[in-house]
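Trainee: pasting the sequence and the predicted model now:
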Amino acid sequence: MKRLHIYVIKAFLGPFFMTFFICIFVLLMQFLWKYVDDMVGKGLEWSVIGEVIFYASFGLLPLAFPLSILIASIMTFGSLGENYELVAIKSSGISLFRVMRPLIVLAIFISCTAFYFANYIVPVTNKKLYALMISVKEQKPELILKEGVFTNEIDGYSIRVEKRNKKTNMLYDVMIYDHTNQRANEGDVTVADSGFMRMTADKKYMVLTLYHGKNYREEPNRNRRDDRRFPRYVDEFDKQILNIELKNFDFNRKDESIYTNNYRMLRIRQLKAVEDSMQVDYRRRVKNFINQLSLNVALHRRILNQVAEVDSLKRDWDLPVDTLVDVDQMFASFDDFKKKEIMASAVETVRRNHQNTNSSERSIFERKKIINRHEMERHKKFTLSLAVLIFFFIGAPLGAIIRKGGLGMPVVVSILLFIIYYILSLMGEKSAREDLWDMVVGMWFSSAVFIAIGIWLTYKAVTDSGIMSSETYADLFRKFKMLRIFRKKLNADEALADNQ
C-alpha cells in the first residue's frame with residue numbers, strides 16, 4: 001500500500017508543479033497586460049520591473065493554487081484511468097478513497113499553505129506592490145524628442161525638433177522656448193540649424209550642443225503705458241551649450257507605511273479590529289441621521305432599534321393608540337385656513353426628511369460598502385483556501401470518470417469549471433457588497449455549489465457511474481423515445497375508446 005501511495009503522489013506532483021507555474025504565468029501576463037500602459041516608456045530599470053513581477057506573483061498565489069490542483073488531479077486520475085491502472089487497483093479490492101487518501105492529506109497541506117500565504121504573505125506583498133505601482137504611475141515618461149512636435153515634459157522648456165537622427169542623436173531645425181523666468185509673455189527663444197543631445201551619467205541633466213543659431217530675448221516695457229514698444233535682443237552664435245536640469249525624472253519610491261490601512265494589506269485579526277471600529281462609526285452616523293428626521297416617537301424608536309449594537313438593548317416601543325382623541329373628527333372641526341396650514345406643515349416635514357435622506361444616504365451607503373469590503377476580504381482568505389480542497393474532490397473523481405490524461409480534455413474541463421466558479425464568486429461578492437445578500441451567503445455561495453458538485457462526482461466515481469460514457473446517454477435517449485411511443489399509443493387507444 002505504501003508503494004501505491006508513493007506512486008500516486010509522484011504521479012500527482014509532476015502535473016501539479018507544471019500547471020502551477022503555468023497558471024502563475026498566465027495570471028501574471030494578465031496583470032502585466034492590464035498595467036502595461038503605466039510602465040512602458042518610463043525608462044524603468046530592470047530591477048524595478050522584476051520587483052513588480054515578483055510581488056505580483058505572490059498576490060496571484062491564492063488563485064493559482066485551486067486551478068492548478070484541479071488540473072493536476074484530473075490529469076493524474078485521468079491518466080490512471082486511461083492506462084487501466086485504476087481498474088487493476090479496484091479489482092484488487094482497493095477502493096478509490098484509499099487511492100485518494102495520500103492526495104487528500106497533500107491537498108489539506110496545500111490548502112493550509114494557501115491560507116498561510118493569503119493571511120501572512122500576500123498582505124505584505126500587496127503593500128509593497130501597491131506602493132511600487134503608485135511610484136511607477138507617478139514616474140514621468142522617458143524623455144523622447146519627437147519629430148515635428150513640441151515636447152513639454154521638461155519643466156520650464158518647450159523643445160521642437162524638425163528631424164532627428166536616432167543613430168547619431170543629431171537634431172536638425174531646433175527651436176527651444178525657455179519659460180524658466182516665470183513671467184507672463186516673456187521668455188527666451190533659441191533657434192538653431194542643428195544640435196546634439198546627450199544625457200549626463202546620473203541622468204539629471206540634458207546637455208544640448210547647438211550649432212549656427214540665434215537667441216531671441218524680449219524685455220518688458222518700463223516706459224509709459226501708452227508706449228507699446230518692447231525692446232528685443234538678438235544674439236547669434238556658431239556654437240552654444242545648454243545644460244537643462246531634468247527634474248522629477250528619477251524614480252522616487254513611495255513610503256509603504258502610507259498604505260498600511262488598506263483592506264488588502266491587513267491580516268484577519270487586523271481586518272476584524274478595523275471592522276469593529278468602523279461599525280461603531282457607522283452606527284453613530286446612522287443614529288445622527290435618524291435624529292435629524294422629523295418622525296413620531298414610536299417610529300423613531302423602532303428605527304433606532306435597528307442600529308442597536310446588542311439585542312438586549314432593543315425594546316418594544318409599540319405605543320398604544322390614543323383612543324381619547326378622534327384625530328379625524330378633530331381635523332374636520334378646523335376651518336379651511338387651519339386645514340391648509342396643517343397640510344403645508346406636513347408637506348414641509350416630508351420634504352425636509354426627503355432632503356436629509358438624499359444628502360445622507362450616499363455617504364452612509366458608501367461607508368457600509370467599505371465595511372463590506374473589509375469583511376469580504378476576511379472571508380475570501382478562507383474561501384480561496386478551502387477552494388483548494390473543494391477542487392481536489394471535484395478533479396480526482398472527474399478524472400477517474402473521464403479517464404483521459406494529458407493536457408487536452410483535463411485542461412478544457414478544468415478551465416470551464418474554474419470559469420463557472422469564478423462567475424459564481426463574482427456574483428456572490430457583488431450581491432454581498434451591495435447588501436443584496438447576507439455576507440456569509442454571498443461569500444460562500446460558490447463554495448457551497450461546488451461542494452455539492454464534488455460530493456455528487458465523488459459518489460459517481462466510487463459507484464463506477466458511466467456519466468461520461470456515450471452508451472449511458474444513448475440508453476437514456478432510447479428510453480425516452482420508447483416512453484414517447486408508449487404515450488402516443490396510450491392516447492390513441494383512449495381516443496378510440498371514446499369514439500366507440
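Mentor: Alright, I've got the coordinates. Keep in mind it's a predicted model, so treat the numbers as computed, not measured.
Trainee: alpha carbons only for contacts and neighbour counts from here, please
Mentor: Fine.
Trainee: pull the number of nearby residues for the closest residue to Leu67 other than its chain neighbours.
Mentor: The shortest distance from Leu67 to any residue that is not its chain neighbour, by Cα to Cα, 6 or more residues apart in numbering, is 6.8 Å, and that residue is Phe418. Using other Cα atoms under 10 Å, Phe418 has 16 neighbouring residues.
Trainee: next one: phi and psi at Phe418?
Mentor: Listed backbone geometry of Phe418 is phi -70, psi -40, with angles given as degrees, to the nearest 10.
Trainee: likewise for Asn165?
Mentor: Note on Asn165: its backbone torsions stand at phi -90, psi 110 [degrees, to the nearest 10].
Trainee: in space, what's closest to it - neighbours in sequence excluded?
Mentor: With Cα to Cα, 6+ apart as the measure, Leu171 is the residue that lies nearest to Asn165, at 6.5 Å, once sequence neighbours are left out.
Trainee: still on that earlier bit, surely the residue nearest to Leu67 meets Ser68?
Mentor: No - the pair Phe418 and Ser68 fails to qualify as a contact (Cα atoms under 8 Å) at a distance of 10.3 Å.
Trainee: now do the strands in the stretch 101-250 of the chain.
Mentor: When secondary structure is read from DSSP state E, counting those that start in this stretch, the stretch 101-250 of the chain shows strands at 150-151, 157-165, 170-178, 188-199, 205-218, 232-245.
Trainee: make a markdown table out of these and add mean neighbour count, distance to Ser447 and mean pLDDT.
Mentor: Converted to a markdown table, the strands of the stretch 101-250 of the chain look like this (neighbours: other Cα atoms under 10 Å; distance: least, Cα to Cα, whole Å; pLDDT from 0 to 100):
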| stretch | mean neighbour count | distance to Ser447 | mean pLDDT |
| --- | --- | --- | --- |
| strand 150-151 | 17 | 54 | 78 |
| strand 157-165 | 18 | 58 | 83 |
| strand 170-178 | 19 | 63 | 85 |
| strand 188-199 | 18 | 57 | 84 |
| strand 205-218 | 18 | 58 | 82 |
| strand 232-245 | 13 | 58 | 80 |
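Trainee: quick one, which of these gets closest to Lys137.
Mentor: Relative to Lys137, the nearest member of the strands of the stretch 101-250 of the chain by Cα to Cα is strand 150-151, separated by 19.6 Å.
Trainee: contact partners of the closest one?
Mentor: Under the contact criterion Cα atoms under 8 Å, 6 or more residues apart in numbering, strand 150-151 has outside partners 144-145, 158-161.
Trainee: show me which of those is closest to Leu436.
Mentor: The closest of the contacts of strand 150-151 to Leu436 turns out to be Ile144 (Cα to Cα; 51.0 Å).
Trainee: distance of Thr349 from Val122?
Mentor: As for Thr349, its distance to Val122 is 52 Å (criterion: Cα to Cα, to the nearest Å).
Trainee: more neighbours: those two, which one.
Mentor: The neighbour count for Thr349 versus Val122, taken as other Cα under 10 Å, is higher for Val122 (27 against 15).
Trainee: where does pLDDT dip in the stretch 251-400 of the chain?
Mentor: Under the criterion of pLDDT under 70, the regions of the stretch 251-400 of the chain flagged as low confidence span 251-252, 296-327.
Trainee: what ranges do the helices span in it?
Mentor: Along the stretch 251-400 of the chain, the segments classed as helices by DSSP state H, counting those that start in this stretch run 268-292, 297-306, 327-333, 336-402.
Trainee: go through those and name the closest to Phe58.
Mentor: The minimum distance between Phe58 and these falls on helix 336-402, with 14.0 Å, by Cα to Cα.
Trainee: now for the closest one, which elements pack on it?
Mentor: Under the contact criterion of 3 or more Cα pairs under 8 Å, 6 or more residues apart in numbering; DSSP states H and E, helix 336-402 touches helix 61-82, helix 96-116, helix 268-292, helix 409-433, helix 439-462.
Trainee: just these: most buried one?
Mentor: Most buried of those, by mean neighbour count (mean count of other Cα atoms under 10 Å): helix 61-82, with a mean of 26.
Trainee: alpha carbons of that helix, as CSV, please.
Mentor: Once side chains and other backbone atoms are set aside, the C-alpha atoms of helix 61-82 remain, and they are given as CSV (Å, rounded to 0.1, in the frame of the first residue of the first chain):
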residue,chain,number,x,y,z
LEU,A,61,-0.9,32.6,-5.5
PRO,A,62,-4.4,32.3,-3.9
LEU,A,63,-5.9,32.0,-7.4
ALA,A,64,-3.2,29.7,-8.8
PHE,A,65,-3.5,27.0,-6.1
PRO,A,66,-7.1,26.0,-6.7
LEU,A,67,-6.8,26.0,-10.5
SER,A,68,-3.5,24.1,-10.6
ILE,A,69,-4.7,21.4,-8.1
LEU,A,70,-7.9,21.0,-10.2
ILE,A,71,-6.0,20.4,-13.4
ALA,A,72,-3.4,18.2,-11.8
SER,A,73,-6.0,16.0,-10.1
ILE,A,74,-7.9,15.5,-13.3
MET,A,75,-4.7,14.7,-15.2
THR,A,76,-3.4,12.3,-12.6
PHE,A,77,-6.6,10.2,-12.2
GLY,A,78,-7.5,10.6,-15.9
SER,A,79,-4.1,9.1,-16.8
LEU,A,80,-4.6,6.3,-14.2
GLY,A,81,-8.0,5.5,-15.7
GLU,A,82,-6.8,5.8,-19.3
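Trainee: could you list the domains of the protein?
Mentor: The record, using automatic domain parsing to delimit domains, assigns the chain the ranges 2-139+376-465, 150-245, 268-374, 469-500.
Trainee: endpoint to endpoint, the third one covers what distance?
Mentor: Think domain 268-374. Start to finish, the residues bounding domain 268-374 are 9 Å apart (Cα to Cα).
Trainee: so how far is it from its chain's centroid?
Mentor: Taking the mean of its C-alpha atoms, domain 268-374 sits 35 Å from the chain's own mean (Cα atoms, centre = their mean, to the nearest Å).
Trainee: OK, contacts around the nearest residue to Ile241 once chain neighbours are set aside?
Mentor: Nearest residue to Ile241 in three dimensions, chain neighbours excluded: Thr209, at 4.5 Å (Cα to Cα, 6+ apart). The contact partners of Thr209, taken as Cα under 8 Å, 6+ apart, are 195-197, 239-242.
Trainee: let's go with 6 Å and repeat that
Mentor: Contacts were defined as Cα atoms under 6 Å, 6 or more residues apart in numbering; by that measure Thr209 touches 195-196, 240-241.
Trainee: got those as JSON lines, with distance to Tyr7 columns?
Mentor: Below are the contacts of Thr209 laid out as JSON lines (distance: Cα to Cα, whole Å):
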{"residue": "Gly195", "distance to Tyr7": "72"}
{"residue": "Phe196", "distance to Tyr7": "69"}
{"residue": "Gln240", "distance to Tyr7": "77"}
{"residue": "Ile241", "distance to Tyr7": "74"}
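Trainee: can you tell me the closest non-neighbouring residue to Asn119?
Mentor: The nearest residue in space to Asn119 (Cα to Cα, 6+ apart) is Arg267, at 5.3 Å.
Trainee: with that, I have no additional questions.
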